[in-house]
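K.L.:
let me see the structure of the following:
(one chain, ligands or ions: 1)
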Amino acid sequence: MAVPFLDLSAMHAEVAAEIDGAWRYVIGTNRFVGGPAVDAFEAEWAAYCGTRHCVGVSSGTAALELALAALGIGPGAEVVLPANTFIATASAVVAAGAMPVFADVDPETLLLTPETIRPQLTSRTAAIIAVHLFGQPADMDAINALAEQCGLCVIEDAAQAHGATWRGRRAGSLSRVGCFSFYPGKNLGAFGDAGAVVTDDVILADRIRAMSNHGRQGNDPYQHDILGGNHRLDALQAAVLSVKLRRLDNWNAARRHAASIYATALKGLPVRMVRVAPDAESSYHLAVIRATARDALRSALAAAGIGTGIHYPIPCHLQAPFRSVQQVPLPAAERAAREVLSLPIYPHISDAQLREVAGTVAEIVAEPIIPRIGAG
Ligand SMILES: *Cc1c(COP(=O)(O)O)cnc(C)c1O
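P.N.:
Got it, this is the predicted structure:
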């Protein structure tokens, strides 16, 4: 049985009729950028995250860039972020005009901690971006406490953590400002690019909204007190997101079920799932295992028809644009890059598929350690 790394067709089938209706309604309103569908989704997403405000934007990358710019983080400022993240977290810092400073991560959770952030702080540090990698929120109580001590802003990159919680509170609501991507493959995905920023701070929300729309504020579309760009959310995407949001909790529960099947099936084998802290509830955007012979395992799985991913094979500080900037070794992030392997996970993956994946992993990794009786 072949198991693709990601298959959204069953998800699409579940929502297709409802999205057809929602799109017909949007087309009837003649409001394609902003308008009631965007307003409705923003209100729903803020309520879901437990924040006062949400600004829909064009992508997760735009959300990060706008959050940084609206906080006044630009030239001369340093921003500490984990090395093992998608490159967008780092490139958003550069786009804002600031300098990314990569930190190592906890070797088990692969997330930033005060201990890994502290060595990277300088007099120029202005902000920390905590990335809730694979769906697991970082310890935001500890990170916020450190930031408060040092007078730093905290931004969450929650692009992989829709609906995940830390001590019962949702990702995105755990710091000054939370940034989401609704790229199609994320836990909540649009039919194209989309993103959002959530915050309790009305002044920050208004500034982000203005900067996402050429600096427009209030009702006069041709008065620009500040400059911005075009990073708006469109109404067709907002309508998709509203329909899918009603299913997000069920879909995340299905992902947790899938992860628990993997965890149980892999017990006792020389591979293990990335650790989730007891205070965190992961949204399992990715189901990631650690394996020392990762590349051989990946090839053997591919030969058996099982798709996998690597998130991420090269840590940001070793990518070409940053290699010359930061030379300090970040051993936990570098080791993770050699060992992580993402197994298929999506809400509609079947138990049979999960057992096939887990069983095939078990067969492959168990082989070399079977005692060779009589081999002398
Ligand atoms: C997907 C992702 C982004 C970027 O989101 P886009 O919508 O693709 O711009 C940023 N950070 C992380 C951790 C992501 O997974």
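K.L.:
need the phi and psi values for the residue nearest to Cys153 when sequence neighbours are not counted.
P.N.:
Closest residue in space to Cys153, ignoring its immediate chain neighbours: Ala127 at 4.2 Å, by C-beta to C-beta, 6 or more residues apart in numbering. Heads up, the C-betas are built off the backbone N, CA and C, glycines and all. Torsion angles at Ala127 (phi, psi; degrees, to the nearest 10) stand at phi -160, psi 160.
K.L.:
go ahead and confirm Ala127 touches Ala70.
P.N.:
No - between Ala127 and Ala70 there is no contact, the gap being 11.7 Å when judged by C-beta atoms under 8 Å.
K.L.:
list the residues that contact the residue positioned nearest the centre of the chain.
P.N.:
Central residue of the chain (C-alpha atoms, centre = their mean): Gln160, 2.2 Å from the mean position. By C-beta atoms under 8 Å, 6 or more residues apart in numbering, the contact list for Gln160 reads 131-135, 186-187, 283, 285-286.
K.L.:
for the residues you listed, which two are the farthest from each other?
P.N.:
Val131 and Asn187 (14.9 Å; C-beta to C-beta).
K.L.:
mind listing the helices for this protein?
P.N.:
Secondary structure of the chain (DSSP state H): helices located at 9-29, 36-49, 60-70, 87-95, 114-117, 140-150, 202-211, 235-245, 248-266, 294-303, 320-323, 331-339, 351-366.
K.L.:
what residues sit buried inside the fifth one?
P.N.:
Put plainly, it is helix 114-117. Of all the residues in helix 114-117, those buried under the rule 16 or more other C-beta atoms under 10 Å are 116-117.
K.L.:
re earlier: now do the residue nearest to Cys153, the pLDDT please.
P.N.:
The confidence metric pLDDT takes the value 98 at Ala127.
K.L.:
do the same with Gln136
P.N.:
Value listed for Gln136 in the pLDDT field: 98.
K.L.:
what count of nearby residues applies to the residue in the stretch 251-376 of the chain that the ligand sits nearest to?
P.N.:
Residue of the stretch 251-376 of the chain nearest the ligand, by C-beta to the nearest ligand atom: His285 (7.4 Å). For His285, the count of nearby residues is 25 (other C-beta atoms under 10 Å).
K.L.:
please apply the same query to Trp251.
P.N.:
19.
K.L.:
if you skip the residues just before and after it, what's nearest to it?
P.N.:
Trp251 sits nearest to Pro347 (C-beta to C-beta, 6+ apart), 3.8 Å away.
K.L.:
and the one you found, what does it touch?
P.N.:
Applying C-beta under 8 Å, 6+ apart, we find Pro347 in contact with 11, 250-252, 254-255.
K.L.:
redo those as CSV? Include pLDDT and distance to the ligand.
P.N.:
Converted to CSV, these look like this (pLDDT from 0 to 100; distance: C-beta to the nearest ligand atom, whole Å):
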residue, pLDDT, distance to the ligand
Met11, 97, 17
Asn250, 98, 22
Trp251, 98, 17
Asn252, 98, 16
Ala254, 98, 20
Arg255, 98, 15
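K.L.:
low-confidence ranges in the stretch 201-350 of the chain?
P.N.:
Residues of the stretch 201-350 of the chain meeting the criterion pLDDT under 70: 326.
K.L.:
up against the ligand, what does it have?
P.N.:
Residues of the stretch 201-350 of the chain that fall close to the ligand, judged by C-beta under 6 Å from any ligand atom: none.
K.L.:
give me the number of residues near Ala238?
P.N.:
If we define neighbours as other C-beta under 10 Å, then Ala238 has 29 of them.
K.L.:
Ala40 is in contact with that one, correct?
P.N.:
Yes - under the criterion of C-beta under 8 Å, Ala238 makes contact with Ala40 at 7.2 Å.
K.L.:
excluding chain neighbours, give the residue nearest to the residue in the stretch 1-150 of the chain positioned nearest to the ligand in space.
P.N.:
Distances between the stretch 1-150 of the chain and the ligand by C-beta to the nearest ligand atom are smallest at Gly60, namely 2.5 Å. Nearest non-adjacent residue to Gly60, counting by C-beta to C-beta, 6+ apart: Ser181, 2.4 Å away.
K.L.:
quick one, what contacts that neighbour?
P.N.:
Contacts of Ser181 by C-beta under 8 Å, 6+ apart are 59-61, 63, 159, 194-195.
K.L.:
same check, this time on Ala291
P.N.:
If you count contacts by C-beta under 8 Å, 6+ apart, Ala291 has them with 270-271, 297, 339, 341, 365.
K.L.:
ok, now Tyr312?
P.N.:
Counting by C-beta under 8 Å, 6+ apart, Tyr312 has contacts 84-86, 337, 340.
K.L.:
make it 7 Å
P.N.:
Tyr312 sits next to 84, 86, 337 when contact means C-beta atoms under 7 Å, 6 or more residues apart in numbering.
K.L.:
so which of these wins on neighbours?
P.N.:
Asn84 leads the contacts of Tyr312 on contacts (other C-beta under 10 Å) with 28 neighbours.
K.L.:
per-residue confidence at it?
P.N.:
The per-residue pLDDT of Asn84 was computed as 98.
K.L.:
got the contact list for it?
P.N.:
105, 110, 133, 312, 315, 333, 336-337.
K.L.:
among these, which ones are buried?
P.N.:
Among the contacts of Asn84, those buried by neighbour count (16+ other C-beta under 10 Å) are 105, 110, 133, 312, 315, 333, 336-337.
K.L.:
okay, these in CSV with distance to Arg167 next?
P.N.:
Listed next are these as CSV, based on distance: C-beta to C-beta, whole Å:
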residue, distance to Arg167
Val105, 20
Leu110, 19
Leu133, 18
Tyr312, 27
Pro315, 28
Ala333, 25
Ala336, 25
Ala337, 29
